[in-house]
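Q: This is the structure alone, sequence omitted:
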């Protein structure tokens, strides 16, 4: 009897080995099927142009890749504050961001700060000529050496000024602590107006205003409204002096490592999400302005022709001063493309 149990034991061993191999194979198959995760982090509310654009990209990316890609959107600085997020992308902690264009100056791509120059853009049509043109592409090329691939330009809108005193003339800014994001151009802009620029993370601005750490700020109506800045600021001046836009960026190594067919579908999703984000930007800002006016918590100031001329005159030297930093050629190319000219 003992010798007859040997074949049984051998059979059992073979069955266990086969079962183990089957489990390993099915595990490998499951691993192959696991979706590619894209963490898309941003610092604003979901119901802003950027937030809505990110959500639309998620929806389209997952649809076009048939679930092979899963996009996780983290709004409102849930993962990283705006000072930390670009480094997090470079390190691979997140795969996608949409930082404001001002973020690339401190990173070494100073040419992006051309977008921050006051009164350089007359309207959105001029902006589109720049972002869709040769300069827009050349600026994205500057990010490659930083381990970043630029995917799209997203709008927010034109900026307004808020403070706890009326801002009608440049002299009204004297001595005010104005919040800025880290940008040498924005720093120069407020110094030209006699204000004291204060770099502060976007997520901290409401509290900064509430406690008097800052006296005011510049931003788009949609960003101000969703962060309730109008509840802690007595006046908003409709200055339209500057523009806030975003660049949707990804980690270059991650992007280059994706299968070509996945990248094609993600490009398609990004193109459609960009059209959507840019369409809603105008509407969101108009709606936010209306809601802030309805709240009655802040007084709105519209500049007359003389006041606007005084602002432009006070801010004009900023462009000349920044030419050395941003690049005179970049500024000239920007202005030419904005006007519809060609190189």
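A: Here it is on my side, so go on. Computed from a predicted structure; not experimentally measured.

Q: mean confidence for stretch 277-286?
A: Confidence over stretch 277-286 (mean pLDDT, whole number) is 93.

Q: buried stuff in that stretch?
A: Neighbour-count burial for stretch 277-286, counted by 16 or more other CB atoms under 10 Å, picks out 277, 278, 280, 281, 284, 285. In this view, the C-beta of every residue, glycine as well, is placed from N, C-alpha and C.

Q: okay, the residues you listed in CSV with secondary structure and distance to residue 50 next?
A: Output for these, formatted as CSV (DSSP: H, G, I helix; E, B strand; the rest coil; distance: CB to CB, whole Å):
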residue, secondary structure, distance to residue 50
277, helix, 7
278, helix, 11
280, helix, 10
281, helix, 9
284, helix, 10
285, helix, 12
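
Q: between those residues, which is nearest residue 332?
A: residue 278 (25.7 Å; CB to CB).

Q: where does the residue nearest to that closest one when sequence neighbours are not counted land in three-state SS?
A: Spatially, and ignoring its direct neighbours in sequence, residue 278 is nearest to residue 155 (4.6 Å; CB to CB, 6 or more residues apart in numbering). Using DSSP: H, G, I helix; E, B strand; the rest coil, the structure places residue 155 in strand.

Q: same thing with the one 10 residues further on?
A: Assigned by three-state DSSP, the conformation of residue 165 is coil.

Q: these two touch, right, it and residue 234?
A: Yes. Counting by CB atoms under 8 Å, residue 234 is a contact partner of residue 165 at 7.3 Å.

Q: Give me the distance from stretch 55-72 to the chain's centre.
A: Computed by CA atoms, centre = their mean, to the nearest Å, the chain-centroid distance of stretch 55-72 equals 19 Å.

Q: mean confidence score for it?
A: Here the average pLDDT along stretch 55-72 is 98.

Q: That one: which residues count as buried?
A: 55-62, 64-65, 68-69, 71.

Q: what's the pLDDT at the closest residue to residue 312 other than its chain neighbours?
A: In space, residue 312 comes closest to residue 119 once its chain neighbours are excluded; the distance is 5.5 Å by CB to CB, 6+ apart. Residue 119 carries a pLDDT score of 95 in this model.

Q: do the one 4 residues further on as well
A: According to the per-residue confidence, residue 123 scores 90 in pLDDT.

Q: Could you count how many residues lie near it?
A: Residue 123: 11 surrounding residues under other CB atoms under 10 Å.

Q: quick one: it from residue 333, how far?
A: As for residue 123, its distance to residue 333 is 18 Å (criterion: CB to CB, to the nearest Å).

Q: Hmm, residue 178 is touching residue 214, no?
A: Yes. Look at residue 178 against residue 214 with CB under 8 Å: they come within range, at 6.7 Å.

Q: Can you pull the residues that touch both of the two?
A: In terms of CB atoms under 8 Å, 6 or more residues apart in numbering, residue 178 and residue 214 are both contacted by the residues residue 198.

Q: Look at these two and report which has more neighbours.
A: residue 178 (25 against 22).

Q: How about the secondary structure of the more buried one?
A: strand.

Q: give me every residue that touches it.
A: Contacts of residue 178 (CB under 8 Å, 6+ apart): 163, 190, 195, 196, 197, 198, 214, 215, 216, 217, 218.

Q: between the residues you listed, which is nearest residue 132?
A: Taking the contacts of residue 178 together and measuring to residue 132 by CB to CB, the closest member is residue 218, at 25.7 Å.

Q: quick one: secondary structure of that closest one?
A: Per three-state DSSP, residue 218 ends up strand.

Q: ok, it - how many residues close by?
A: 24.

Q: Equivalent analysis for the one 3 residues further on, please.
A: Applying the criterion other CB under 10 Å, we find 27 residues in the vicinity of residue 221.

Q: Please report how far it lies from residue 141.
A: Residue 221 is 33 Å from residue 141, by CB to CB.

Q: Do you know the pLDDT at the residue nearest to residue 278?
A: Taking residue 155 on its own, its pLDDT is 91.

Q: try the one 5 residues further on
A: pLDDT for residue 160: 97.
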